[in-house]
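# Sequence first, then the predicted structure, then my questions.
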Amino acid sequence: MTYETVPAAAARLGCSRRNILAMIANGRLHGCVKFGKAWQVPLEAIPDPPRMPGAKKRT
């Protein structure tokens, strides 16, 4: 399982670091692991960012 840091996950989703931490606390991101003071988020747990209606599908 490949992990990503909280700031990298926030950049991928287009939201703040604090939102990612809230998602972890609320159980919306599964499989997260805490190493010391830093959280690691598995790539499989990060959902695809929302798309605009009518936008073409990414390949």
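Here it is on my side, so go on.

# which parts of the helix-or-strand element of the chain with minimal mean pLDDT are buried?
Least confident helix or strand of the chain, by mean pLDDT, DSSP states H and E, is helix 6-13 with a mean of 91. Across helix 6-13, burial judged by 16 or more other CB atoms under 10 Å covers Val6, Ala8, Ala9, Ala10, Arg12, Leu13. For the C-beta atoms, the positions are set from N, CA and C on the backbone; glycine is no exception.

# Can you list the low-confidence ranges for this protein?
50-52, 54-59 (pLDDT under 70).

# can you give me the strands in it?
3-5, 33-35, 38-42 (DSSP state E).

# List the strands paired with the longest one, with their directions.
It stands for strand 38-42. Under the criterion DSSP bridges, strand 38-42 sits next to strand 3-5 (antiparallel), strand 33-35 (antiparallel) in its sheet.

# Among those, single out whichever gets nearest to Pro47.
strand 3-5 (13.1 Å; CB to CB).

# hmm, who's touching that closest one?
Arg12, Val33, Ala38, Trp39, Gln40, Val41, Pro42, Leu43, Ile46 (CB atoms under 8 Å, 6 or more residues apart in numbering).

# Buried subset of those as a PyMOL selection?
Remark: buried members of those, expressed as a PyMOL selection using 16+ other CB under 10 Å:
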select buried, resi 12+39+40+41+42+46
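
# Pick out whichever of the contacts of strand 3-5 sits closest to Met1.
Pro42 (5.1 Å).

# Give me the nearest residue to that closest one, chain neighbours excluded.
Gly31 (4.4 Å; CB to CB, 6 or more residues apart in numbering).

# quick one: the one you found from Val6, how far?
From Gly31 across to Val6, the span is 14 Å (CB to CB, to the nearest Å).

# so what's in contact with these two at the same time?
With CB under 8 Å, 6+ apart, Gly31 and Val6 have common neighbours Val41.
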